[in-house]
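Student: no letters, just coordinates:
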């Protein structure tokens, strides 16, 4: 795993653990799983299918889901929400790249 992805992924695992478990935080952890699924979908859309347009739709949904997840985790434990900030920053950067590639390749 590359270093620029290992830190956000470690933070994701830690914030999921810090949220308190499924019995306590069903909503927050369900949001966490939705953003994880959207994250997994992006790579095959962008690289596998060569569809930056569909990948852009996915990554915009991912960005919004991360933000909602961050707020839900913040309400549970501030640290859990803070740990999502680097991930949100990375996805913001990736969204800008995805948008640029989509725009330059009609």
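Tutor: Everything's here; your move. Because the structure is predicted, anything quoted here is derived from the model rather than measured.

Student: got a list of contacts for stretch 96-106?
Tutor: Residues from elsewhere that reach stretch 96-106, judged by C-beta atoms under 8 Å, 6 or more residues apart in numbering: 46, 52-53, 55-56, 59. For the C-beta atoms, the positions are set from N, CA and C on the backbone; glycine is no exception.

Student: among those residues, which ones are in helices?
Tutor: Using DSSP state H, 52-53, 55-56, 59 are the members of these that sit in helices.

Student: filter the contacts of stretch 96-106 down to just the buried residues.
Tutor: Buried members of the contacts of stretch 96-106, scored by 16 or more other C-beta atoms under 10 Å, are 46, 52, 55-56, 59.

Student: dump the residue contacts of the closest residue to residue 39 other than its chain neighbours.
Tutor: Nearest residue to residue 39, sequence neighbours excluded (C-beta to C-beta, 6 or more residues apart in numbering): residue 62, at 5.9 Å. Contact analysis of residue 62 by C-beta under 8 Å, 6+ apart lists 35, 38-39, 42, 91.

Student: now the host helix or strand of residue 62: mean pLDDT?
Tutor: In this structure, residue 62 sits in helix 52-76 according to DSSP states H and E. Across helix 52-76, the average pLDDT comes to 95.
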